[in-house]
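Q: predicted model and sequence below, questions to follow.
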Amino acid sequence: MLLHYLDLSWRSFKRTPLVSFLMVLAIAIGIGITMTSLSVYHMMSADPIPEKSSQLYNVQLQTMDEGRTWWKYDNMPLQLTYQDAVNLLNAPVETNKVAMVRSGFSVHLNSDTLKPFIGGARLTTPDFFNMFNVPFIYGGVWTQQQEQTAAPVVVLSEKINDKLFAGENSVGKMIYLDDLSYEVIGVIADWQLTTKYYDLNNGAFNDTEELFMPFSLLEANEFNNWGNTNGWKHEVTHTFKDKLQSERFWIQFWVQLPDEKVKNKYQDYLLAYMQDQQKNGRFNRKELQYTLRDVKQWMAYNDVVSEDNKILVALSFMFLAVCLANILGLLLAKFLRRAPEVGVRRALGASKRQIFLQHLVEVAMLGCFGGLLGIVLAQIGLLGVRQSYDYYSSLATMDLTMLISAPLIAITTCILAGLYPAWLVCRTNPAIYLKSQ
Amino acid sequence: MLEIKPIFHALCRSKVGAMLLLIQIAITTAIVSNAAFIIQDKISFLSQETGYPEQDIFLFNVMTFGKDVNVTQQFELDEAMIRQLPGVVGAAMSSSAPLTGSGSASDFSLKPAPQESLSVRTGYFFIDEHGVNTYGVKLIAGRNFTEEEVVVTDNFEKQANVTIVSQALLTELFPGENGLGKTVYFGDIPLKIVGVVEKMMGPWLKDSRPDNLAFIPFINATSSANFVVRTEPGQRASVIKQIEEAMLNNYNKRVISRIRGLDESKAEYVAQDKLMMRMLIVLITILVLVTALGIFGLTLFNISKRTKQIGTRRALGARKSAIINYFLVENAMICCVGLVLGVIVALLLGQILMQYFSIAALPPSYIIITAMGVFCMSLLAVFGPAKRAANISPSIATRTI
């Protein structure tokens, strides 16, 4: 029966090509616009590490004096001080934890063959790779002992390994970062994230770093911070040592808490830590405050999806509503014009239900065409987005979910629009039309 | 003359079509007025005056890894070399650059820290006496730094003691009085305001105080440094082409990167807003077209349904203009109701946007202009089909009865 209805729909489509085409176009434009903004939104808010996003927590500590405010609604600083980060690394809770900061160097081989270039670096503790599922091609991560002794070792990204060593296994080779040499101990595979959730300070959609090195090198070699440093009170920090001991925020800290038990234990530890620090005159406030946010909460807290995108999605759906009203009007016109034909079919024994279903199949078919054409329009729209703003180039694409939802939304919209006209036409009283023919 | 009553009765017989049109007009008005307001907001943000001749300025970063030179001395030599290049007006090292989204900010206070006093957040650049000329900003009061005032140092023992500030910062620090010559505190360091610049925007255009900026004559060269160069109009591209080679010729254990025009740097910073503006423009253009098509289609349908009726009216002596009028008035009636509804929805939508997002209240003028525009558009959309209806021959009425 369905096939028969589809055949009838196709005939009806061909009989009034202009109106049918207009309807398909209206749906397609609506879907195209909605999908363009929805795709960007979808990619921005997509979970970058679905398998463990609910286990990874960003740690925030309220170190500011009573009464001090910060720009976030809960007044919590976004990063940690160096001293807190180092102390939290030594927490007696057995779990993965990572303290890190972004830096950068001029990369070269101390020879004339290769022109020095700038490479972004992440100074981090060894759990980083395991926690954030970073895949290795060659070698591996530095040991805890190397971390403690600030060993001059480095893990390269695939891209930089291609550039320096033509993609060969470079483990054991030496590279120069600024004026110091480092031994390559590992190369990671191409590691792209839709959202650079582990450090949202300098743009949520930036590329991941190209060099990864022990966090302890920060203190040993006095590296510059390439991320944000924020202070909340007047402090004189002329030397690097001043900065390490200051109350400035510049270190990102994450911890993996696989279940409630570990989480409770960790929370107890944090409170105990802050109480302990109060004895040293820090955490000068009545109520001790810490926050643990998992990956998705952290992204929402940092407004990864910009306000503009949310507004655009909302307006696009209103746009779709206008298209829906438009289609409804056209469907009404099209179906009512066909009333005489329906009258004959009713007289020949077709039930109301059958007529109703037949018309719904017809609108679903229009929706399907519209959805497919809508995908094409959305691709053009996304191309425009990428052209206009290459920072969004990895976001302005449609993944499988979006490709499937486009026709689904189109068909649903059309069926919604078609309900009333189909109902109207199936109530046709056959007698009137038989008389006038 | 306008026959409102019979038209209204006729409309009552095809409520659904009229309702659909009404809804479309209402939503269109709501979206277009709000989107137009956001677009206008973005346009004024994107085209604002920054105080710099952006087309003539370019920036680059120098990352020195060689340890066999004193970077401070080296940079002095570099600056002198750049100023010698043909077409260059000025060159300076600047601790950070405007309109780039990255830089330093601090509080300027009326009393030294940690005493509490009026504090104003401001961006600041460490830059020498070439800063004013290199950035091409307009000094409206006071004077530039003298060479003696510039502190060139490898440590922090000696501090600068003067500053040049933007007018916006001065006004905020000293509202209603002349702050030139007064002293402000940068942390606990006293700085005397010796010069005032009419307008120069800081690194962050989206900051709550984008216009606050101060120059501090303190040069403490580090391995990573920013340079600013201003050229004669039209000469920038040729200077940019030779800058990397010239810098590496001076000393080669360093990397010259991120060579870019100030306008390009700004464009990068505002790209997201530009994208939003473009998407909204596309959205409302298509929306208006779709709505116009909807009105057009529905009128055509109505006419074909009423062919006989129109023929009869014509046969009974109605003029062509009367038929056209009929459809125009009918459409205007629907449109007016739709617009009333649209104004309400627009206000509601504006309220919602204001509540959940950082968008100012929608000014009524946007709704009024949009409503008038939508009204004209709907009349235009109806006019074609109505003219066609007027051409229906009276004989149709007689033929098929």
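A: All right, it came through fine.
Q: count of residues packed around residue A:427?
A: 12 (other CB atoms under 10 Å in any protein chain shown). For glycine as for every other residue, the C-beta is placed from the backbone atoms N, C-alpha and C.
Q: the nearest residue to it once chain neighbours are set aside: neighbour count?
A: Nearest residue to residue A:427, sequence neighbours excluded (CB to CB, 6 or more residues apart in numbering or on different chains): residue A:352, at 7.0 Å. Per other CB under 10 Å, the neighbour tally for residue A:352 reads 13.
Q: quick check: residue A:352 vs residue A:342, distance?
A: 10 Å (CB to CB, to the nearest Å).
Q: what kind of secondary structure is residue 299 in?
A: Since you didn't name a chain, this refers to chain A. helix (DSSP: H, G, I helix; E, B strand; the rest coil).
Q: pLDDT at the nearest residue to it once chain neighbours are set aside, what is it?
A: Residue nearest to residue A:299 in three dimensions, not counting chain neighbours: residue A:197, with 5.8 Å by CB to CB, 6+ apart. Residue A:197 carries a pLDDT value of 95.
Q: the host helix or strand of residue A:328: what's the following helix or strand?
A: In the assignment (DSSP states H and E), residue A:328 maps to helix A:307-337. Per DSSP H and E, the first helix or strand lying C-terminal to helix A:307-337 is helix A:339-347.
Q: got the angle for the helix or strand just after that next one vs helix A:339-347?
A: Downstream of helix A:339-347, the next assigned helix or strand under DSSP H and E is helix A:352-388. Orientation check (axes from the mean of the first three to the mean of the last three CA atoms, to 10 degrees): helix A:352-388 against helix A:339-347 gives 140 degrees.
Q: for helix A:352-388, buried residues please.
A: Across helix A:352-388, burial judged by 16 or more other CB atoms under 10 Å in any protein chain shown covers A:355-375, A:377-379, A:381-382, A:384-386, A:388.
Q: what's the following helix or strand after that helix?
A: Next along the chain from helix A:352-388, counting by DSSP H and E, comes helix A:400-426.
Q: now do the buried residues in that next one.
A: Quick answer for helix A:400-426 (16+ other CB under 10 Å): A:402, A:405-407, A:409-411, A:413-415, A:417-419, A:421-422, A:424-426.
Q: could you do stretch A:15-24 as well?
A: A:16, A:19-20, A:22-24.
Q: counting neighbours, what do you get for the residue nearest to residue B:371 when sequence neighbours are not counted?
A: Once flanking residues are discounted, residue B:371 sits nearest to residue B:339: 4.8 Å by CB to CB, 6+ apart. By the other CB under 10 Å criterion, the neighbourhood of residue B:339 contains 25 residues.
Q: wait, what's in contact with residue 353?
A: No chain specified, so I'll use chain A. By CB atoms under 8 Å, 6 or more residues apart in numbering or on different chains, the contact list for residue A:353 reads residue A:426.
Q: should've been chain B
A: Taking CB under 8 Å, 6+ apart as the test, what residue B:353 contacts is A:311, B:34, B:359, B:362.
Q: most neighbours, which of those?
A: Top of those by neighbour count (other CB under 10 Å): residue B:34, with 28 neighbours.
Q: remind me which helix or strand that residue belongs to.
A: Going by DSSP H and E, residue B:34 is in helix B:15-46.
Q: beyond that helix, next helix or strand please.
A: strand B:57-64.
Q: and that next one, how far out from the chain's middle?
A: Distance of strand B:57-64 from its chain centroid, counting by CA atoms, centre = their mean, to the nearest Å, is 27 Å.
Q: whatever helix or strand comes next after it and chain A, are they touching?
A: Next in sequence after strand B:57-64, counting helices and strands by DSSP H and E, comes helix B:71-84. No. Contact of helix B:71-84 with chain A (CB under 8 Å from any CB of the partner chain) is absent, the minimum separation being 12.4 Å.
Q: contacts for helix B:71-84?
A: With CB under 8 Å, 6+ apart, helix B:71-84 has contacts from B:62, B:64, B:88, B:90-93, B:130, B:152, B:154, B:219-223, B:225, B:227, B:229, B:243, B:246-247, B:250-251.
Q: filter those residues to the buried ones?
A: Buried among the contacts of helix B:71-84 (16+ other CB under 10 Å): B:62, B:64, B:88, B:90-93, B:130, B:219-221, B:223, B:225, B:227, B:229, B:243, B:246-247, B:250-251.
Q: contacts with chain A among those, please.
A: Restricting the buried ones among the contacts of helix B:71-84 to those near chain A - CB under 8 Å from any CB - leaves residue B:223.
Q: residue boundaries of the strands in the chain?
A: Just going to use chain A. A:56-61, A:97-108, A:117-124, A:136-139, A:153-157, A:174-177, A:180-188, A:211-214, A:252-256, A:290-294 (DSSP state E).
Q: my question was about chain B
A: Ranges of strands within chain B are B:57-64, B:88-93, B:104-109, B:119-126, B:139-142, B:151-152, B:162-166, B:183-186, B:189-197, B:213-216, B:218-219, B:224-231, B:254-261, based on DSSP E.
Q: now the angle from the helix holding residue B:34 to helix A:400-426?
A: Using the same axes, to 10 degrees: helix B:15-46 against helix A:400-426 is 150 degrees.
Q: for helix B:15-46, packing partners?
A: helix A:307-337, helix B:262-305, helix B:320-356, helix B:364-390 (3 or more CB pairs under 8 Å, 6 or more residues apart in numbering or on different chains; DSSP states H and E).
Q: tabulate those in CSV, adding columns for mean pLDDT and distance to residue A:59.
A: Listed next are the helices and strands packed on helix B:15-46 as CSV, based on pLDDT from 0 to 100; distance: least, CB to CB, whole Å:
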stretch, mean pLDDT, distance to residue A:59
helix A:307-337, 88, 27
helix B:262-305, 88, 29
helix B:320-356, 91, 29
helix B:364-390, 91, 45
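Q: let me know which of those helices is the nearest to residue A:154.
A: With CB to CB as the criterion, residue A:154 lies closest to helix B:262-305 of the helices and strands packed on helix B:15-46, at 29.3 Å.
Q: is chain A contacted by the closest one?
A: Yes. Contact of helix B:262-305 with chain A is found when judged by CB under 8 Å from any CB, involving B:271-276, B:278-280, B:282-283, B:286-287, B:290-291, B:293-294, B:297-298, B:301.
Q: which among the buried residues of stretch A:15-24 are in contact with chain B?
A: Within the buried residues of stretch A:15-24, those near chain B by CB under 8 Å from any CB are A:19, A:22.
Q: which of the buried residues of stretch A:15-24 lies closest to chain B?
A: residue A:22 (6.5 Å; CB to the nearest CB).
Q: give me the nearest residue to residue A:92, chain neighbours excluded.
A: Going by CB to CB, 6+ apart, residue A:92 has residue A:269 as its nearest residue, at 6.9 Å.
Q: that neighbour contacts residue A:90, doesn't it?
A: No. The pair residue A:269 and residue A:90 does not pass the contact test of CB atoms under 8 Å, sitting 10.7 Å apart.
Q: more crowded one of the two?
A: The neighbour count for residue A:269 versus residue A:90, taken as other CB under 10 Å, is higher for residue A:269 (14 against 8).
Q: need the contact list for that one.
A: Residue A:269 neighbours (CB under 8 Å, 6+ apart): A:91-93.
Q: ok, now how distant is it from residue B:81?
A: 57 Å.
Q: do the lowest-mean-pLDDT helix or strand in chain A and chain B meet at all?
A: Taking mean pLDDT, DSSP states H and E as the measure, the helix or strand of chain A with the lowest value is helix A:430-436, at a mean of 72. No. Using CB under 8 Å from any CB, we find that helix A:430-436 stays clear of chain B, coming within 10.9 Å at best.
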